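A.B. asks: Provide a 3D model corresponding to the input given below.
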Amino acid sequence: MKIYINKVKENWVVDNFINEWKEYNLGITTKYPKNAEIIWIIAPWTWKQISKRHLAKKKVICTIHHIDFNKFDDAERSNFYDRDKYIDFYHVISKKTENQLKRLTSKKIFTQPFWIDQRKFHYLPDKKSLRKKYKFNSESFLVGSFQRDTEGHDLISPKLSKGPDKFLEIVKDLQKTKNNLEVVLTGKRRNYLIKNFEENFINYRYFEMVDFSSLNELYNILDLYIVSSRIEGGPRSVFECAQTETPIISTDVGFASEILAQESIFSFDDHLKASPNIDFAKNKVSNFLIPEGFQYYLKMFNEVYES
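C.D. replies: Numbering: from 1, shown residues only. Next comes the predicted model:
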């Protein structure tokens, strides 16, 4: 059995999944679709880069990361069904996306989050030294957000699917009881929150692009990480917080409710009631560590191969 994974090269999380998969499963992975029995469209937005001649002859499984029906216009629908002609199986990373996908297809759906590499994300005990390294006050209450919050077309408008407007509201509420609050931001396109933090005199530090080692350290210095998204596939920060034992609360998006305790999930009108449960999340994420996290995928591909 040989598997071809379509190329992305967008400096996004999917590139990391591809690299990690190849590192551990190189023996069943091929660089060329013509040599594969299975084509894995891990990035469905790039499916047209694969020759339709290969798609028609091979067994094809496609990963759908999330579906935003608010943006599922005629063009999106047309693209979905143009691609669907070549798809034999689907893979999704959360039960929520599985239920959405069932509205569009009757084909078999495999549901499993991606794995997490514990070499990149893990608990670090010496938080005092880490805060000193990054020049944070040891008494500060640090709140994290490591994702985009601004639309790319104008670098002004909030990316509402990520809920930066809600994140801002939560931070303002926290500031009422945490006088020493400071927000830690990473990633590109943080324009919306930075502008609003400056207008509202909210302290923040911005690390635009960091490597995995630094990102792991930044998780480990936080007192709280907040996922305020309206729509997500994962998000990966849920796994990363769980693995680094970072306190996290989240809206009920993606697989958040499958990994976090019920008390850690909040809706937009009751975020003050949410509380982290580090032990619960750590226990859940332990099932997805490498190499055990690959086992479901190996079984999935065997089923596709034997179909």
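A.B. asks: per-residue confidence at the nearest residue to Asn180 once chain neighbours are set aside?
C.D. replies: Take Asn180 and drop its neighbours on the chain: the residue closest to it by CB to CB, 6 or more residues apart in numbering is Ser140, 4.9 Å away. Bear in mind the C-beta positions are built from the backbone N, C-alpha and C, glycine included. pLDDT for Ser140: 97.
A.B. asks: State the helix or strand in which Tyr225 lies.
C.D. replies: strand 224-227 (DSSP states H and E).
A.B. asks: Remind me what that strand packs against, helices and strands.
C.D. replies: strand 141-145, helix 164-175, helix 236-244, strand 248-251 (3 or more CB pairs under 8 Å, 6 or more residues apart in numbering; DSSP states H and E).
A.B. asks: Show residues contacting that strand.
C.D. replies: 141-146, 167, 170-171, 174, 219, 235, 237-238, 241, 246-251, 253, 256, 276 (CB atoms under 8 Å, 6 or more residues apart in numbering).
A.B. asks: hmm, try it at 6 Å
C.D. replies: 143-144, 167, 170, 235, 241, 246-250 (CB atoms under 6 Å, 6 or more residues apart in numbering).
A.B. asks: Tell me which stretches of the stretch 201-307 of the chain form helices.
C.D. replies: For the stretch 201-307 of the chain, the helices defined by DSSP state H, counting those that start in this stretch cover 212-221, 236-244, 256-259, 278-285, 295-306.
A.B. asks: out of the ones you listed, deepest packed?
C.D. replies: helix 236-244 (a mean of 25; mean count of other CB atoms under 10 Å).
A.B. asks: Flag every buried residue along stretch 24-40.
C.D. replies: 25, 29, 33, 36-40 (16 or more other CB atoms under 10 Å).
A.B. asks: Dump it to CSV, keeping only the CA atoms.
C.D. replies: Extracted in CSV, the C-alpha atoms of stretch 24-40 (Å, rounded to 0.1, in the frame of the first residue of the first chain):
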residue,chain,number,x,y,z
TYR,A,24,7.1,8.2,10.8
ASN,A,25,5.4,6.6,7.8
LEU,A,26,7.8,7.1,4.9
GLY,A,27,7.7,3.5,3.9
ILE,A,28,4.0,3.7,2.8
THR,A,29,4.2,7.2,1.4
THR,A,30,5.2,8.1,-2.2
LYS,A,31,6.1,11.4,-3.8
TYR,A,32,4.2,10.6,-7.0
PRO,A,33,0.4,10.0,-7.4
LYS,A,34,1.1,7.6,-10.3
ASN,A,35,2.8,5.2,-7.8
ALA,A,36,0.1,5.4,-5.2
GLU,A,37,-2.9,3.1,-4.5
ILE,A,38,-4.4,5.9,-2.3
ILE,A,39,-4.5,9.6,-2.8
TRP,A,40,-5.0,11.6,0.4
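A.B. asks: Contacts for it next, please.
C.D. replies: If you take CB under 6 Å, 6+ apart as the criterion, stretch 24-40 is touched by 1-5, 22, 54, 58-61, 291, 304-305.
A.B. asks: Straight-line length of stretch 269-277, end to end?
C.D. replies: 20 Å (CA to CA, to the nearest Å).
A.B. asks: circling back to that earlier point, of all the helices and strands packed on strand 224-227, which lies closest to Tyr123?
C.D. replies: helix 236-244 (5.7 Å; CB to CB).
A.B. asks: okay, the contacts of stretch 24-40 in TSV with pLDDT next?
C.D. replies: Listed next are the contacts of stretch 24-40 as TSV, based on pLDDT from 0 to 100:
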residue	pLDDT
Met1	95
Lys2	97
Ile3	98
Tyr4	97
Ile5	96
Lys22	95
His54	97
Lys58	97
Lys59	98
Val60	98
Ile61	98
Pro291	94
Val304	97
Tyr305	97
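A.B. asks: Now, these that are in strands?
C.D. replies: 3-5, 59-61 (DSSP state E).
A.B. asks: Tell me how many other residues surround Asn277.
C.D. replies: 18 (other CB atoms under 10 Å).
A.B. asks: any idea how far Ala75 is from it?
C.D. replies: 42 Å (CB to CB, to the nearest Å).
A.B. asks: How confident was the prediction at Ala256?
C.D. replies: Ala256 is assigned a pLDDT of 97 by the prediction.
A.B. asks: what sits against the residue nearest to it when sequence neighbours are not counted?
C.D. replies: For Ala256, ignoring the flanking residues on the chain, the nearest one in space by CB to CB, 6+ apart is Ser250 at 4.2 Å. Residues near Ser250 by CB under 6 Å, 6+ apart: 227, 256, 260.
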